[in-house]
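# sharing a model prediction with you, sequence too.
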Amino acid sequence: MKVGVVYTSTTPELIEDVNREIKKELGNDVEIYAQQDPSILGDVREAGYVTQAPAARLIKMFMNAAEEGCDAVLNACSSVGEVADSVQVTAAYIGMPIVRIDEEMCRDAVRKGLKVGVMATLPTTLVPTCNTVNRMARECNKHVEISQCLVENAFGLDQEQFRKRMSASAETIAKDVDVIVLAQGSMAYCAKYLSDKFGVPVLASPAYGAAALKAALVKKGVING
């Protein structure tokens, strides 16, 4: 069994979390075909939205995974999740489902409460994640209130500084929400810390993405449920 993972930005924490969760779901023998193109996120950040060229490069990485014989591929960047949505018909046709790392996380957030906090260090991730939460709410026939929390100047900090910055920002919304969503997979190592400190569920995407990847492989018949 071979699965692809597409990254537009990487930190050691993100790669470690994603690989660990995939192996937890699929076993240590799974082959992981990882691709990275940090220029995609760089271009998106510069423009403030997903422009034509980075979207094309992302789609090319999905197609590379198909050519390499991947059974499914995980899109690990929430900033460009809507690009993954745009090629789902093609993915179904070629028999290689593309799974978004954040979709099931956002669905679970809606199940857990109607007041959802969304935290991100980049505005280009904040908006798409809020869009996904709203889409999941519509699918669940619910209406949610979203509190956006942009953690400014946190991208690229070391773990200790990052936790402090996240904590200070989370404090501004924690008392007003039922659940907090961490919009970037690289934030996952803060989830338990924040949940313990503020007493609200804090959701991170790597575990949800890996579980969704397994569900796609079960649906395809590659593995048994």
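That came in fine, so what should we check first? Residues are numbered from 1 along each chain as shown.
# partner strands of the helix or strand encompassing residue 99, with direction?
Applying DSSP states H and E as the criterion places residue 99 in strand 98-100. With DSSP bridges as the test, strand 98-100 is paired with strand 72-75 (parallel).
# need the contact list for the residue lying closest to residue 48 once chain neighbours are set aside.
The shortest distance from residue 48 to any non-neighbouring residue, by C-beta to C-beta, 6 or more residues apart in numbering, is to residue 124 (6.5 Å). Using the backbone N, CA and C atoms, a C-beta is placed for each residue, glycine as well. Listed by C-beta atoms under 8 Å, 6 or more residues apart in numbering, the contact set of residue 124 reads 41, 44, 45, 48, 49, 50, 79.
# how near is residue 124 to residue 50?
As judged by C-beta to C-beta, to the nearest Å, residue 124 and residue 50 stand 8 Å apart.
# between those two, which contacts overlap?
Common contact partners of residue 124 and residue 50 (C-beta under 8 Å, 6+ apart): 44, 79.
# doesn't residue 75 make contact with residue 128?
No. Counting by C-beta atoms under 8 Å, residue 128 sits too far from residue 75 to count as a contact (11.5 Å).
# quick check: neighbours shared by the two?
Common neighbours of residue 128 and residue 75, using C-beta under 8 Å, 6+ apart, are residue 81.
# show me the helices in this protein, by range?
Ranges of helices in the chain, per DSSP state H, are 12-26, 38-47, 52-67, 81-86, 88-94, 103-112, 123-139, 159-170, 191-198, 205-220.
# adding distance to residue 146 and mean pLDDT, write these out as TSV.
Shown next, in TSV, are these (distance: least, C-beta to C-beta, whole Å; pLDDT from 0 to 100):
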stretch	distance to residue 146	mean pLDDT
helix 12-26	24	92
helix 38-47	21	93
helix 52-67	25	97
helix 81-86	16	94
helix 88-94	24	96
helix 103-112	10	97
helix 123-139	5	94
helix 159-170	15	92
helix 191-198	17	96
helix 205-220	17	96
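# of the ones you listed, which is nearest residue 178?
Among the helices of the chain, the nearest to residue 178 by C-beta to C-beta is helix 103-112 (6.2 Å).
# just the buried residues of the closest one, please?
103, 104, 105, 106, 107, 109, 110, 112 (16 or more other C-beta atoms under 10 Å).
# angle of it against helix 205-220?
110 degrees (axes from the mean of the first three to the mean of the last three C-alpha atoms, to 10 degrees).
# CA atoms of helix 103-112 as CSV?
Output of helix 103-112 as CSV, limited to C-alpha atoms (Å, rounded to 0.1, in the frame of the first residue of the first chain):
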residue,chain,number,x,y,z
GLU,A,103,-12.2,18.4,6.5
GLU,A,104,-13.1,15.8,9.1
MET,A,105,-11.6,18.0,11.8
CYS,A,106,-14.0,20.8,10.8
ARG,A,107,-16.9,18.4,10.7
ASP,A,108,-16.1,17.2,14.2
ALA,A,109,-15.9,20.8,15.4
VAL,A,110,-19.5,21.4,14.2
ARG,A,111,-20.6,18.2,16.0
LYS,A,112,-19.0,19.4,19.3
